[in-house]
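K.L.:
Mind folding the following:
(one chain, ligands or ions: 1)
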Amino acid sequence: MRCVAARTRRGTHVASLLEVRNISKRFGGVVAVEDLNFVIRKGEILGLIGPNGAGKTTVFNMISGIQRPTTGTITLEGQNLVGLRPDQIARKGVARTFQSSSFLPGMSVYENVYLAAAFRSLAAIQRRAAPDVTEAALRATGLVDVAERPAELLNVSQHKRLEIARAVATEPVLLMTDEIVAGLNNAETDEVLDILVRLNGTGITLVFVEHDVRAVLSVSQRLIVLAQGRCMAEGDPHEVARSPEVIKVYLGRRYAQNQ
Ligand SMILES: Nc1ncnc2c1ncn2[C@@H]1O[C@H](COP(=O)(O)OP(=O)(O)OP(=O)(O)O)[C@@H](O)[C@H]1O
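P.N.:
Numbering: from 1, shown residues only. Sure thing, here's the model as predicted:
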């Protein structure tokens, strides 16, 4: 359950997709992330949890190129990502969703997804054409029936699925979702989780930042807990969730008593 910084675990090689090494991020006097090390393994569903302000979104921002680490390295299959623009990183196959919807108003659902697909296929013309990718992303997220609707008229659950569709249309190898089930009821949450698990089944590696612990534990194969910008625990989700330290710092006694 200790945080594993090394490339190997019990002497065996871990097939990593993305490696974060000694990254820190400071905003003036605020240390958002401090000397953080972790790997994202190919094909896994990794949950990233922690209290408000722990640094989770900052980690996503650094991986996706929105913010540059103050120190440290980030590599995707051995290729450096630090210093690349967000669009360059996206073209390498790293997609993410945002806490607030990032759709383009005044456009239909289809057009919103198509733009994301066109962005990717410009850089990878050997891949499927943008209309095929758009339709596949709409099908994968259950948005076919509302494809012609103006994006701003969708309900909350549909907006969340549009976020996923736009990310999937870039044909990512790694998808990072940031509080994608926040504001959804249990049925809507399960629907979104099913979509994500199915996408993972097609080979997309998933990293999942979420405060909904039920959701995190139901889909994650591995869990990393951040606190004050550092890794506090890492390992099997159910074991991590039983850790007294994790219960004290994040999950709370009420969570533990209900288990
Ligand atoms: N642009 C910024 N300027 C100054 N401080 C920032 C900035 N972005 C984040 N921070 C600070 O960095 C710390 C980590 O923030 P971050 O948003 O990454 O946490 P988080 O774990 O995603 O939190 P939450 O669960 O509330 O979304 C917080 O103290 C936050 O106030």
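
K.L.:
Dihedrals phi and psi, Val219?
P.N.:
Backbone geometry at Val219, expressed as degrees, to the nearest 10, gives phi -120, psi -20.

K.L.:
That one - how many residues pack around it?
P.N.:
Residues near Val219, counting by other Cβ atoms under 10 Å, number 18. All C-beta atoms are positioned from the backbone trio N, CA, C, and that covers glycine.

K.L.:
ok, now Val59?
P.N.:
Applying other Cβ under 10 Å, we find 29 other residues in the vicinity of Val59.

K.L.:
Tell me the spatial nearest neighbour of it, not counting adjacent residues.
P.N.:
If you skip the residues right next to it in sequence, Val59 has Val33 as its closest partner in space, 6.2 Å away by Cβ to Cβ, 6 or more residues apart in numbering.

K.L.:
list the buried ones in the strand or helix carrying that neighbour?
P.N.:
Val33 is located in strand 30-41, with elements delineated by DSSP states H and E. Using 16 or more other Cβ atoms under 10 Å as the burial criterion, the residues of strand 30-41 that qualify are Val31, Ala32, Val33, Glu34, Leu36, Asn37, Phe38, Val39, Ile40, Arg41.

K.L.:
again, but for stretch 99-118
P.N.:
The neighbour-count check on stretch 99-118 (16+ other Cβ under 10 Å) flags 101, 103, 108-118 as buried.

K.L.:
is it true that Arg26 touches Gly55?
P.N.:
No: using Cβ atoms under 8 Å as the test, Arg26 is too far from Gly55 to be in contact (11.2 Å).

K.L.:
and for those two, which residues touch both?
P.N.:
Both Arg26 and Gly55 are in contact with Ala32, where contact means Cβ atoms under 8 Å, 6 or more residues apart in numbering.

K.L.:
Correct me if wrong: the residue nearest to Val59 contacts Ile23.
P.N.:
Yes: assessed by Cβ under 8 Å, Val33 is found in contact with Ile23 at 6.0 Å.

K.L.:
Spell out which residues are contacts of both of those two.
P.N.:
Both Val33 and Ile23 are contacted by Val59, Met62, Pro69, under the criterion Cβ under 8 Å, 6+ apart.

K.L.:
hmm, back to that, just the buried residues of strand 30-41 now: which is nearest Glu179?
P.N.:
In terms of Cβ to Cβ, no member of these lies closer to Glu179 than Ala32, at 16.9 Å.

K.L.:
So the closest one sits against Gln228, correct?
P.N.:
No: look at Ala32 against Gln228 with Cβ under 8 Å: they stay out of range, at 9.3 Å.

K.L.:
Now the common contact residues for those two.
P.N.:
Gly55.

K.L.:
Any idea what the residue most central in space within the chain is bridged to?
P.N.:
Compute the mean C-alpha point of the chain, and by Cα atoms, centre = their mean the closest residue is Met176, 1.6 Å away. Note on Met176: beta-bridge partners Arg96, Val207, judged by DSSP bridges.
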